[in-house]
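A.B. asks: Build me a model from this:
(chains A and B)
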Amino acid sequence: MSDNPWAFCEDQVVSLISKVTEIEPAEVRQLIEIPPDSQLGDIATTVAFYLAKKLKKNPVAIANEIVVLMREQMENHPIIRTIETKGPYINIFLNRETMAEIVLDTILSKNDEYGRTSEYAGKRALIEFPAVNPSKPWHIGHARNAILGDTLANVLETTGYDVIRIDYINDLGLQIAQLVWKLMRIPDAPKEGEKYDHYLGRLYVEVQREFEDEEAERQIREIGQQLEDPNSEAFKRGAEIVTKCVKAQNQTAYLLGIYHHYQIWESSIAHSGLLEKAKEMMLQCDSIFKMEEGEKAGCIVAKLDDLDEFKGMKEPYKVLFRSDGTRTYTGADVAFQLWKHRIVDDPFEYKELEVQPNGEPVYRTALEGEKHDIGRVDAVFNVIAAAQAHPQKLIYNILELLGYETAAKNSHHVAYEYVGLEDVEFSGRKGTWVGYTTDDVLRRARELAAEEVKKRNPDEDQEFVENVSSQVAVGALRYFMLNASPDRKITFRWSEALDFDGDAGPYLQYSHARAQRILEKAGGEHDDADLSLLTSPYEYELIKAIARFPNEVLEVVRGMNKQPKGTSFNSNRLTTYGYTIATLFSKFYDNCPVLKADGNLRAARLALVRAFRITIANCLRLLGIPVINRM
RNA sequence: GGGAUCGUAGUCUAGCUUGGAUAAGGCACCAGCCUCCGGAGCUGGGUAUCCCCGGUUCGAAUCCGGGCGGUCCCGCCA
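C.D. replies: Predicted structure coming up:
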């Protein structure tokens, strides 16, 4: 049995057209489309246009000729019912009875595995997200990153990838120096009930003002220097602060159902020997060397115009290590990227940070710990803001300079645009994120959802209300972030982000709850149903749509091509798909009674409800949206 | 200066990678729909120079060239 029923049907059509027209199947596949209106057919081909150009003949006449040939060949075809032309278009109608059987048999037998395919089986991917500074709470822009990254990881897994989810923690940045300085002056005392990351965020905004004072800045810069020494007081203090902050930030991730395998801390990159190894490798490359003269004398630089792409560049020298020997961001990032691709032996030691709510531990790199074997990696995905397209590209280009062309090719910048407010952009320094942290948004969403849940379930207890409303809140936020094309800037408005109607997460969750309710009322037993009864337009449209699920997931991964802006991840294609099947189910629900239908039809419709429930549940899990039985 | 990206109804968006039939949804607004499998739903009502100009094509929202407008990037910074 095919794990991809829609692709199976398309293949049948393609092979028939190919046979009749003697065009290669791969070419024919490019000429297949879904008609704008299902009245016109289930599958269409524009092959007549294609041949018209080649043969210099009228496409309408060609279409008519092809249809005659196709009809001759399709005697007793298992799937194709009729073929028609409409002008130059050739429209193919499938056999509804057979479709119902093929699609529902596949879904019901695959169950939780429906949607999973093996196109990328055996491949291993490493994905980094969201890499938030450990000095403040996640604002909603960070949530966008984290939700995209987590969903991409799910999607890759569904197409066969083995995925390693990592996070990067910059525990040595200026922001940490500022907080260490601040907490040397005041007691480390969050307010009653205040989350530690929110507390630091509050201090951080204060420090930005104090940083304008020259003496304060001098002291903070000095602490920044001390942070580089793992034996210093500042380092130990910083590590305490960062650990507490990261654990608080993790609570936000967990609310969203986001988990990691590893956290890579900047201090480990600095002190594990990784940098030295990487530097050594770099210096063996002809295009990376120490500048002898000029403004950048003493720096280790990459000469970028040795790559065709940068030929004729005005200032081709990119500094990797400063004249005082310290790493730049790019220098450290190159070393990190080499580690991600397993080009250098893993110098890190790992320690368990905590056990996540999914039962799995998350490990962090540490100065002392145990060795782990992360294994081979075929592709690396860095989920990073679109604004960083240039620096990301440089990192990959430098891998290329070093001779690691395959690794460079398999390095992906998964870019996404910022989340902004109506007038202002989120600014860490100005603290414009206050009131718009991910925690704030989720809390507000839970409150709104709770009102709705209470209204609908007046007899249920507080636990039920809290449980359901938090799942609705997560569903709404995750859907909101995924449904926006990553290329597009989001202007955050409460009314849109927390909308529970229409094209929104809760609508999908609701369609699942409705299907689930029908199945509960029908009782557990189900007989063999005569699925060929499912031929009404409402039933048939739903069947065709749920048949496409595995194909949709595959198409998203196949479409992840490298472009100048980065590698695009069309998360919105999957939310749109979920919305489509939920809508078709709603229409079916309103027009086709299930429990009240007679005998055979009831059994057949129940099978369809069961298949829909499986599909929407698997789709929701892919998107990280909680699957709810009652809401 | 160089580069990237976005521009689609009142509004927010999808479609552009791979050209194809009447440009598809949500929100908002109006009017209907449960003797019911849950109304977070369904049905109907309508708005668009697809930013502009040109080109390629039988065919352009989609591809190419040139503009215009918004955003972003191009440090031994962080």
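A.B. asks: and A:Thr85, how many neighbours?
C.D. replies: Around A:Thr85 there are 17 other residues, counting by other CB atoms under 10 Å. For glycine as for every other residue, the C-beta is placed from the backbone atoms N, C-alpha and C.
A.B. asks: Point out the other helices and strands that the helix or strand containing it packs with.
C.D. replies: Assigned by DSSP states H and E, A:Thr85 belongs to strand A:80-86. With contacts taken as 3 or more CB pairs under 8 Å, 6 or more residues apart in numbering; DSSP states H and E, strand A:80-86 sits against helix A:5-21, helix A:59-73, strand A:89-94.
A.B. asks: May I see the buried residues of it?
C.D. replies: Across strand A:80-86, burial judged by 16 or more other CB atoms under 10 Å covers A:80-81, A:83, A:85.
A.B. asks: Return the list of strands paired to that strand, each annotated with direction.
C.D. replies: Applying DSSP bridges to the sheet, strand A:80-86 is found paired with strand A:89-94 (antiparallel).
A.B. asks: next structured bit after the partner strand?
C.D. replies: helix A:96-110.
A.B. asks: Buried residues of that following helix, list them for me.
C.D. replies: Buried positions in helix A:96-110, judged by neighbour count with 16+ other CB under 10 Å: A:96-104, A:106-108, A:110.
A.B. asks: wait, does the host helix or strand of A:Phe336 make contact with RNA strand B?
C.D. replies: Using DSSP H and E, the element containing A:Phe336 is helix A:329-340. Yes: part of helix A:329-340 sits near RNA strand B under the criterion CB under 7 Å from any atom of the strand, namely A:329-330.
A.B. asks: Name the next helix or strand downstream of that helix, please.
C.D. replies: Next helix or strand after helix A:329-340 toward the C-terminus (DSSP H and E): strand A:349-355.
A.B. asks: so where is the stretch 301-450 of chain A shaky, pLDDT-wise?
C.D. replies: Counting by pLDDT under 70, the ranges of the stretch 301-450 of chain A that qualify are A:423-425.
A.B. asks: At the contact with RNA strand B, which residues of it appear?
C.D. replies: Residues of the stretch 301-450 of chain A lying near RNA strand B (CB under 7 Å from any atom of the strand): A:317-319, A:322-324, A:328-330, A:386-387, A:389-391, A:417-418, A:425, A:449.
A.B. asks: Now intersect those with the strands, please.
C.D. replies: The strands, defined by DSSP state E, take in A:317-319 from these.
A.B. asks: Would you indicate which residues of stretch A:570-583 are buried?
C.D. replies: Applying 16+ other CB under 10 Å to stretch A:570-583 flags A:570-575, A:577-583 as buried.
A.B. asks: so does that stretch get close to RNA strand B?
C.D. replies: Yes: Stretch A:570-583 reaches RNA strand B (CB under 7 Å from any atom of the strand) through A:570, A:572-573, A:576, A:579, A:583.
A.B. asks: Run through the bridge partners of the closest residue to A:Val377 other than its chain neighbours.
C.D. replies: Nearest residue to A:Val377, sequence neighbours excluded (CB to CB, 6 or more residues apart in numbering): A:Leu126, at 4.8 Å. On the basis of DSSP bridges, A:Leu126 is bridged to A:Ile164, A:Val380.
A.B. asks: so how many other residues sit close to A:Leu126?
C.D. replies: Neighbour number of A:Leu126 under other CB under 10 Å is 24.
A.B. asks: Just the pLDDT at it, thanks.
C.D. replies: We have a pLDDT of 98 for A:Leu126.
A.B. asks: Just the pLDDT for A:Asp598.
C.D. replies: Looking at A:Asp598, the pLDDT reads 88.
A.B. asks: what about A:Ala44, which helix or strand?
C.D. replies: strand A:43-45.
A.B. asks: Over to A:Tyr589?
C.D. replies: Going by DSSP H and E, A:Tyr589 is in helix A:571-591.
A.B. asks: chain center to the following helix or strand past that helix, what's the gap?
C.D. replies: Counting by DSSP H and E, the element after helix A:571-591 in chain order, helix or strand, is helix A:599-623. Computed by CA atoms, centre = their mean, to the nearest Å, the chain-centroid distance of helix A:599-623 equals 25 Å.
A.B. asks: Could you confirm whether helix A:599-623 reaches RNA strand B?
C.D. replies: No: Helix A:599-623 stays clear of RNA strand B (CB under 7 Å from any atom of the strand), getting no nearer than 7.6 Å.
A.B. asks: Same question for that helix: list its buried residues.
C.D. replies: A:601-623.
A.B. asks: Mind giving me the packing neighbours of it?
C.D. replies: With contacts taken as 3+ CB pairs under 8 Å, 6+ apart, helix A:599-623 sits against helix A:96-110, helix A:140-158, helix A:462-483, helix A:505-522, helix A:537-547, helix A:549-558, helix A:571-591.
A.B. asks: So which bits of stretch A:334-354 are buried?
C.D. replies: For stretch A:334-354, by 16+ other CB under 10 Å, it's A:334-344, A:346-350, A:353.
A.B. asks: can you count the residues close to A:Arg456?
C.D. replies: Using other CB under 10 Å, A:Arg456 has 12 neighbouring residues.
A.B. asks: Just the C-alpha atoms of stretch A:373-382, please, in CSV.
C.D. replies: Taking Å, rounded to 0.1, in the frame of the first residue of the first chain, the C-alpha atoms of stretch A:373-382 are listed here in CSV:
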residue,chain,number,x,y,z
ASP,A,373,28.5,11.0,20.2
ILE,A,374,26.1,13.1,18.2
GLY,A,375,26.9,11.2,15.1
ARG,A,376,27.0,12.1,11.4
VAL,A,377,25.0,15.2,10.2
ASP,A,378,23.9,15.6,6.6
ALA,A,379,22.2,19.0,6.8
VAL,A,380,22.3,21.9,9.1
PHE,A,381,19.4,24.4,9.5
ASN,A,382,20.0,27.6,11.4
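A.B. asks: ok, back up a step: specify the stretch among the helices and strands packed on helix A:599-623 that is closest to A:Glu192.
C.D. replies: helix A:462-483 (21.8 Å; CB to CB).
A.B. asks: what's that closest one packed up against?
C.D. replies: Contact analysis of helix A:462-483 by 3+ CB pairs under 8 Å, 6+ apart lists helix A:140-158, helix A:438-456, helix A:494-497, helix A:505-522, helix A:571-591, helix A:599-623 as its packing neighbours.
A.B. asks: On the pLDDT front, check the residue of the stretch 501-631 of chain A found nearest RNA strand B for me.
C.D. replies: Minimum separation of the stretch 501-631 of chain A from RNA strand B (CB to the nearest atom of the strand) falls at A:Gly502, amounting to 1.8 Å. For A:Gly502, the pLDDT comes out at 94.
A.B. asks: I'd like the distance between it and A:Ala582.
C.D. replies: Distance, A:Gly502 to A:Ala582, by CB to CB, to the nearest Å: 11 Å.
A.B. asks: now A:Ile32
C.D. replies: From A:Ile32 to A:Ala582 the distance is 26 Å (CB to CB).
A.B. asks: Fine by me, thanks again.
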